Each structure stands twice: as C-alpha cells, then as structure tokens.
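Enquirer: I would like the atomic coordinates for the input below:
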Amino acid sequence: CIPQYRGGFLRLLGAGGMLGFDSCVWRGDEVVQLVAALEFARDAGAATAADGLFLPYDRLTDAAAPPLVAALEAGAMPELTDL
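Expert: Next comes the predicted model:
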C-alpha cells in the first residue's frame, strides 16, 4: 500500500458525513470490498465517523446483507444513524 494513499483514505473516511454509493450498480462483490475497507479503517483505529450509508439503485441481493450487517455490528461505522 502506498503510504500517502493509506493516510488519505483513513483521513477521508474518518471525516464523517454520508457515505453515498448511489447508482453504482453494485452487486455482492462490491459490498465485500466495502466491508473490507470499513474493517481495515476500523482495525487501523480510524473507524468512519460517517453517520449514513446510502446504497440506492444498486443491485444488491440478500447475500450481500450478512457481511455488511456483521461489519456494522462489529463497529465499522459506530456513528451510523441512517442506512
């Protein structure tokens, strides 16, 4: 990992606000990547301060929910109030 990318990622993810991924046409694989990114930030001590996660107009199946829910329950987005 490039140190500047890692630092920028953690800084921006910790900034708060809304994480919006609308109209990305995501499927399960992309949710797995999102979960990995959220868990990476949490494990690095920079869990996102975002209070919302916006995933409309994506093509998520029921299979995409369990890993996302597990990450959220494990504290990946401790400030989450809007899903």
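Enquirer: Now do stretch 10-29, average pLDDT.
Expert: The average pLDDT within stretch 10-29 is 83.
Enquirer: now for the helix or strand hosting Leu53, which elements pack on it?
Expert: Per DSSP states H and E, Leu53 falls inside strand 50-54. Of the remaining helices and strands, those touching strand 50-54 by 3 or more C-beta pairs under 8 Å, 6 or more residues apart in numbering; DSSP states H and E are strand 17-20. Where C-beta positions appear, they are placed from N, C-alpha and C, glycine not excepted.
Enquirer: longest helix of the chain?
Expert: helix 28-43 (DSSP state H).
Enquirer: which helices and strands does that one pack with?
Expert: Secondary-structure packing of helix 28-43 (3+ C-beta pairs under 8 Å, 6+ apart): helix 3-13, helix 65-73.
Enquirer: Can you add distance to Asp22 and mean neighbour count and give those back as a markdown table?
Expert: Output for the helices and strands packed on helix 28-43, formatted as a markdown table (distance: least, C-beta to C-beta, whole Å; neighbours: other C-beta atoms under 10 Å):
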| stretch | distance to Asp22 | mean neighbour count |
| --- | --- | --- |
| helix 3-13 | 18 | 13 |
| helix 65-73 | 16 | 14 |
